[in-house]
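Engineer: no sequence for this one, just the structure:
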């Protein structure tokens with residue numbers, strides 16, 4: 001299949017692109033990225049992937065891309081992702097995550113592309129002291145989650161009005177590394193890469209944001225899922241997409257606290273990670289853990305990697321990249 005992958009040069013998107021190539025598909029990546037960086041990301045498969053530098057806010061640009069390629073499906077990863085930033089810059093998040101998404105949907109309608117796999121988030125839920133199912137209350141606790149939920153609602157209406165088929169994958173904390181790719185953001189805020197940077201001496205300490213949450217050790221609990229488990233879910237979504245909208249949690253069903261992750265990282269790296277307590281961040285939920293039973297039952301998908309696999313693979317990536 002010929003697949004438009006928005007944000008395909010990003011962390012999760014690039015792993016999915018590699019998996020698509022392995023399975024014989026033809027990904028066309030649209031991302032706001034310098035082409036030299038894209039060439040570095042896809043250096044080993046550069047003859048099998050087309051990378052286009054462009055802005056999803058530019059409808060004329062998008063129209064030209066859809067005209068040039070006859071896409072069979074869209075995988076939509078592009079968008080703003082930091083929950084804390086969403087509470088400071090809501091207009092940027094609305095533009096990138098909702099308005100630009102509408103642009104994609106409108107081009108799909110115009111060019112008769114009827115399938116989209118959406119990179120959604122557990123942030124759409126109202127958090128609770130327990131695992132989250134797809135039937136739980138949708139009440140985001142930060143504006144990032146609100147934008148993800150708004151786009152899911154748009155997908156429902158475009159399905160009803162135009163027949164756009166969609167799968168929305170609400171995943172939890174994507175982690176780990178494969179294909180020599182991993183998490184390297186300009187302003188890193190994700191816990192595991194921050195810890196590993198500290199282990200490598202690239203930062204002085206790890207800030208623990210909040211120590212009095214209603215969890216076992218007072219720190220936030222998250223469900224960490226290996227990026228390759230996510231990639232498998234996206235490939236399955238291409239096979240399983242149908243006229244009926246499908247929404248799934250994609251997680252392991254197991255939660256790990258900040259302090260627990262740090263302890264496991266210390267065991268794997270053999271390094272002591274210095275900690276500094278800091279105030280909690282606005283919009284951070286205490287507990288986000290998936291109940292993945294629905295996708296397991298419907299599709300036979302199940303996470304193959306555990307937290308030690310995740311941290312070990314990420315450590316190998318960070319050591320290699322220095």
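Structural biologist: That came in fine, so what should we check first? Everything quoted here is computed from the prediction, not taken from an experiment.
Engineer: need the contact list for residue 189.
Structural biologist: 82, 84 (Cβ atoms under 8 Å, 6 or more residues apart in numbering). Glycine gets a C-beta too; all of them are placed from N, C-alpha and C.
Engineer: okay, buried residues for the helix or strand of the chain with the lowest mean pLDDT please.
Structural biologist: In the chain, no helix or strand scores lower on mean pLDDT, DSSP states H and E than helix 35-41, which sits at a mean of 77. For helix 35-41, the neighbour count (16 or more other Cβ atoms under 10 Å) marks 38, 41 as buried.
Engineer: what's next to it, contact-wise?
Structural biologist: So helix 35-41 is contacted by 9, 14, 29, 31, 46, 51, 53, 181 (Cβ under 8 Å, 6+ apart).
Engineer: and what of stretch 267-277?
Structural biologist: Residues contacting stretch 267-277 (Cβ under 8 Å, 6+ apart): 195-196, 198-199, 204-208, 211, 262, 265-266, 308, 311-312, 315.
Engineer: which helices and strands does the biggest helix by length in the chain pack with?
Structural biologist: Identified as the longest helix of the chain according to DSSP state H is helix 143-162. Where contact means 3 or more Cβ pairs under 8 Å, 6 or more residues apart in numbering; DSSP states H and E, helix 143-162 is packed against helix 83-86, helix 90-94, helix 100-110, strand 115-121, strand 165-171.
Engineer: over to residue 137: give its phi and psi.
Structural biologist: phi -60, psi 130 (degrees, to the nearest 10).
Engineer: surely it and residue 149 touch.
Structural biologist: No - using Cβ atoms under 8 Å, residue 137 makes no contact with residue 149, being 11.3 Å away.
Engineer: who has more neighbours, these two?
Structural biologist: Neighbour totals were compared for residue 137 and residue 149, and residue 149 leads with 21 against 10 (other Cβ atoms under 10 Å).
Engineer: can I get the helices and strands packed on helix 143-162 in a markdown table with mean neighbour count?
Structural biologist: Converted to a markdown table, the helices and strands packed on helix 143-162 look like this (neighbours: other Cβ atoms under 10 Å):
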| stretch | mean neighbour count |
| --- | --- |
| helix 83-86 | 20 |
| helix 90-94 | 16 |
| helix 100-110 | 19 |
| strand 115-121 | 24 |
| strand 165-171 | 23 |
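Engineer: of all those, which lies closest to residue 238?
Structural biologist: Smallest distance to residue 238 across the helices and strands packed on helix 143-162 (Cβ to Cβ): 6.8 Å, for strand 115-121.
Engineer: show me how far the closest one is from its chain's centre.
Structural biologist: Remark: strand 115-121 is offset 10 Å from the chain centroid, using Cα atoms, centre = their mean, to the nearest Å.
Engineer: chain center to stretch 72-88: distance?
Structural biologist: Distance of stretch 72-88 from its chain centroid, counting by Cα atoms, centre = their mean, is 8 Å.
Engineer: how about it: buried residues?
Structural biologist: Buried, per 16+ other Cβ under 10 Å, within stretch 72-88: 73-83, 85-87.
Engineer: tell me the secondary structure at residue 197.
Structural biologist: helix (DSSP: H, G, I helix; E, B strand; the rest coil).
Engineer: and for residue 98?
Structural biologist: From three-state DSSP, the assignment for residue 98 is helix.
Engineer: which ones are touching it?
Structural biologist: By Cβ under 8 Å, 6+ apart, residue 98 lies in contact with 147, 150, 151, 154.
Engineer: select only the buried ones of these in PyMOL?
Structural biologist: For the buried members of the contacts of residue 98, the matching PyMOL selection, counting by 16+ other Cβ under 10 Å, is:
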select buried, resi 147+150+151+154
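Engineer: let me have the contacts of residue 98 in CSV, adding pLDDT as columns.
Structural biologist: Below are those laid out as CSV (pLDDT from 0 to 100):
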residue, pLDDT
147, 98
150, 98
151, 98
154, 98
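Engineer: of all the contacts of residue 98, which two lie farthest apart?
Structural biologist: 147 and 154 (10.5 Å).
Engineer: dump the buried residues of stretch 72-88 into a markdown table; add distance to residue 131 as well.
Structural biologist: Output for those, formatted as a markdown table (distance: Cβ to Cβ, whole Å):
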| residue | distance to residue 131 |
| --- | --- |
| 73 | 30 |
| 74 | 30 |
| 75 | 27 |
| 76 | 26 |
| 77 | 25 |
| 78 | 29 |
| 79 | 25 |
| 80 | 27 |
| 81 | 23 |
| 82 | 24 |
| 83 | 20 |
| 85 | 27 |
| 86 | 24 |
| 87 | 25 |
